[in-house]
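> just coords:
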């Protein structure tokens, strides 16, 4: 079973208009509401690929109820910790001549409520996968990821971490199964500008030497690189398409990688499925469907070059 954790989920209110005028009344031309959060995105894409999973995290107030309702209506299993006070955040995303975002802070989470999440993590057993995705909200200790990974250490659980900067560096010593920084994040980790593929591969290998089993680097239109636990380097060019929505593409890549890996443990197939799924979501208005993913998969090489 796959478990995902979203510490600070949201309702994403997306509005579109031809042009946004600052300081004036603007009226939307279209609008959508989606449940948001990196772990939730992974869960929803896995559901589209018919991969069973459980979405964990924290929800509060009327927005929290709506997040859970929408995720369950999508067909995902949920086991969120329900907070006694505060409301889950609302993120406003304006798509106009320029894209702008206003992200809410999210509710306070008590030590007791964090303890309830740890109780739910006890259900994870050997052979299961845990996805820790996104940043740690201010309401939680900065070492929450570390504490979770230390708590689950040596239990035979594959842990995927999709985080950035110091948050990622501090957990690598616990040997996560997979980490997925993008090219820019990879450079920021080491305080350098990555100028070519050799720079990217060298930096990714440094992360592997520090503890990560597999390092997946997403590079947008330039494709992706995987440094595998088998000491091999896999590369793939990005398929052609028009980017319609980059939100959730990285989360979709993680979901696709896991879906491909669970078939037979083959890293090339996992990598191939990850690239196809991430690209399919980028070329869609929402998270990619199974048909969109399979269509994209058909455009990618079946064998390593």
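Structure received. Note that the coordinates shown come from a computational prediction; the quantities given were computed from them, not determined experimentally.

> any regions of the chain where pLDDT drops low?
Under the criterion pLDDT under 70, the flagged ranges of the chain are 305.

> can you pull up the most central residue in it?
Central residue of the chain (C-alpha atoms, centre = their mean): residue 251, 3.2 Å from the mean position.

> which residues touch that residue?
By C-beta atoms under 8 Å, 6 or more residues apart in numbering, the contact list for residue 251 reads 38, 39, 41, 42, 45, 133, 162, 281. Any C-beta I mention is one placed from the backbone N, CA and C, and that applies to glycine too.

> the last one against residue 288, yeah?
Yes. Taking C-beta atoms under 8 Å as the contact criterion, residue 281 and residue 288 are neighbours in contact, 4.2 Å apart.

> more neighbours, these two?
More crowded of residue 281 and residue 288, by other C-beta atoms under 10 Å: residue 281, with 31 against 28.

> what about the more buried one, is that helix, strand or coil?
Three-state assignment for residue 281 (DSSP: H, G, I helix; E, B strand; the rest coil): helix.

> burial of the closest residue to it other than its chain neighbours, as a residue count?
Nearest non-adjacent residue to residue 281, counting by C-beta to C-beta, 6 or more residues apart in numbering: residue 252, 3.8 Å away. Residue 252: 29 surrounding residues under other C-beta under 10 Å.

> quick one on the thing from earlier: what helix or strand does the residue nearest to the centre of the chain sit in?
helix 249-264 (DSSP states H and E).

> okay, buried residues for that helix please.
Neighbour-count burial for helix 249-264, counted by 16 or more other C-beta atoms under 10 Å, picks out 249-262.

> ok, now stretch 13-26?
Those would be 13, 14, 15, 17, 20, for stretch 13-26 by 16+ other C-beta under 10 Å.

> strands of the stretch 101-250 of the chain, start to end?
Taking DSSP state E, counting those that start in this stretch as the criterion, the stretch 101-250 of the chain carries its strands at 129-133, 158-162, 178-179, 214-218, 224-227, 233-236.
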